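Undergrad: quick one: sequence and predicted model below, then my questions.
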Amino acid sequence: MTTYTVIFEQAEDNWAAYVPDLPGCMSTGTTIDETERNIREAIEGHLSTLRAFGDPIPRPTSIAKSIEVSTAA
């Protein structure tokens, strides 16, 4: 089992997700739950395509962390 970092971003009418360690691997959804399901499927498809073409599977190297800062001027 491998764990990839996924970045979720809320847009005006939907959610988007991408995987920094898998360039071009992205998905969208109406809700964050739908987007999570969609990006999981996108990751599996991306890895399957890499394997089919004999390309190496990228090792996960990215992490995400929330950093709290003051927005007061």
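TA: Yep, it's here.

Undergrad: can you confirm Ser27 is in a strand?
TA: Yes - with DSSP: H, G, I helix; E, B strand; the rest coil as the criterion, Ser27 is located in a strand.

Undergrad: my guess is it contacts Ala17, does it?
TA: Yes - Ser27 is in contact with Ala17 according to C-beta atoms under 8 Å; the separation is 5.4 Å. Every residue, glycine included, has its C-beta placed from N, CA and C.

Undergrad: where do the contact lists of these two overlap?
TA: Listed contacts common to Ser27 and Ala17 are Thr35, Asn38, Ile39; contacts here mean C-beta atoms under 8 Å, 6 or more residues apart in numbering.

Undergrad: go through these and name the one nearest Thr5.
TA: When those are ranked by distance to Thr5 (C-beta to C-beta), Ile39 comes first, at 11.1 Å.

Undergrad: contacting residues for that closest one?
TA: If you count contacts by C-beta under 8 Å, 6+ apart, Ile39 has them with Val6, Ala17, Tyr18, Val19, Cys25, Met26, Ser27.

Undergrad: let's have those residues in JSON lines, adding pLDDT and neighbour count.
TA: Supplementary listing: the contacts of Ile39 in JSON lines, determined by pLDDT from 0 to 100; neighbours: other C-beta atoms under 10 Å:
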{"residue": "Val6", "pLDDT": "98", "neighbour count": "22"}
{"residue": "Ala17", "pLDDT": "98", "neighbour count": "21"}
{"residue": "Tyr18", "pLDDT": "98", "neighbour count": "18"}
{"residue": "Val19", "pLDDT": "98", "neighbour count": "21"}
{"residue": "Cys25", "pLDDT": "98", "neighbour count": "20"}
{"residue": "Met26", "pLDDT": "98", "neighbour count": "16"}
{"residue": "Ser27", "pLDDT": "98", "neighbour count": "21"}
